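Trainee: sequence first, predicted model second:
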Amino acid sequence: IGTRFVNMTKEEVLAGLDFWVYDPRIGTNTSKAFSKAVDLLIEQKKMKKPYDPANYLDSKFIKSTMKRHPEWFADLGGAS
């Protein structure tokens, strides 16, 4: 994204990764974010028709982990 849309060099992108906050945990808001992104892409004419993100998100592993280690997800609150 940085090199393609913001005209950053590869070196600039790599240097910035130390400051990038990325949370790879998947929760219910992940699907909502995908849906909003799809709506925006359709509005921008970059995507022709919507798709259901739930068809592409396999949450069985994360749900199992959430049950076994709820403390890892406590900072997400009830909306995770």
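Mentor: Received the coordinates, thanks.
Trainee: against residue 26, how distant is residue 42?
Mentor: For residue 42, the distance to residue 26 equals 23 Å [Cβ to Cβ, to the nearest Å]. C-beta here means a position set from N, CA and C on the backbone, and glycine is covered the same way.
Trainee: higher neighbour count, these two?
Mentor: The neighbour count for residue 42 versus residue 26, taken as other Cβ atoms under 10 Å, is higher for residue 26 (17 against 13).
Trainee: can you list the weak-confidence ranges in the chain?
Mentor: For the chain, the stretches with pLDDT under 70 are 1-3, 5, 77-80.
Trainee: ok, 90 please
Mentor: 1-38, 47, 50-63, 66, 72-80 (pLDDT under 90).
Trainee: all helices for it, in order.
Mentor: 2-5, 10-16, 28-43, 60-68 (DSSP state H).
Trainee: who wins for proximity to residue 54 among the ones you listed?
Mentor: Set against residue 54 and scored by Cβ to Cβ, those come closest in helix 28-43, at 5.8 Å.
Trainee: list the buried residues of the closest one.
Mentor: Within helix 28-43, the residues that count as buried by 16 or more other Cβ atoms under 10 Å are 30, 31, 34, 38.
Trainee: then stretch 4-14?
Mentor: In stretch 4-14, no residue is buried by neighbour count (16+ other Cβ under 10 Å).
Trainee: measure it end to end?
Mentor: 14 Å (Cα to Cα, to the nearest Å).
Trainee: hmm, residue 27 is touching residue 72, no?
Mentor: No - in this structure, residue 27 is not within contact of residue 72 by Cβ atoms under 8 Å, at 11.6 Å.
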